[in-house]
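Enquirer: A predicted structure for the sequence below; I have some questions about it.
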Amino acid sequence: MTCIELLLKATILKPIVSGLVHHEALAEIIVAHVLGQAGFDRYDKLLEIIISTFTDLELKNISRDDEPAKLFSECKALQKIRNKIIHSGEVCTKEDAEQARIVSVAVYELIVKPIIGALNLKVGEHGVIGTAYYFRNLKVNDPFHSP
């Protein structure tokens, strides 16, 4: 369940917010301040703007094909379950874990991939994100290169 939040922060929010600030130390401070706390509610407006800016998608309208609920609503519901597990010691059911897996895959497929593509980036082995130029010029001794 936490992976959804980390996926959105690490692949979309952090790089884009960092890229908006052209001073490295200041960018780190701003990213830490903007994204430092857990919870979708704290950055859903920012995510909504980023998604609509780089794609023709609207966060509030994205849903899985087989699910009437909107994807971000599913994420928020899973976050509530996660919080009960972490803060109240509740147990995660197999059904909740499977739902979290399905929603995580959907977040990647329906949100992350379109934004990465819109930024002319690609996802390579081991989840490395880079430009086509980066992948063409990988060296054999690169830690992410696999023979």
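Expert: Received the coordinates, thanks. Numbering: from 1, shown residues only.
Enquirer: What is the lowest-mean-pLDDT helix or strand in the chain packed up against?
Expert: Lowest mean confidence among the helices and strands of the chain (mean pLDDT, DSSP states H and E): helix 24-35, at a mean of 75. On a contact count with 3 or more C-beta pairs under 8 Å, 6 or more residues apart in numbering; DSSP states H and E, helix 24-35 meets helix 14-20. To be clear about C-beta, it is placed using only N, CA and C from the backbone, and glycine gets the same treatment.
Enquirer: on contacts alone, who are the packing partners of the helix it packs on?
Expert: By 3+ C-beta pairs under 8 Å, 6+ apart, helix 14-20 packs against helix 24-35.
Enquirer: starting at the chain centroid, how far to the helix it packs on?
Expert: 18 Å (C-alpha atoms, centre = their mean, to the nearest Å).
Enquirer: Can you name the next helix or strand after it?
Expert: helix 44-54 (DSSP states H and E).
Enquirer: tell me the angle of that following helix relative to helix 24-35?
Expert: On the basis of axes from the mean of the first three to the mean of the last three C-alpha atoms, to 10 degrees, helix 44-54 is oriented at 120 degrees to helix 24-35.
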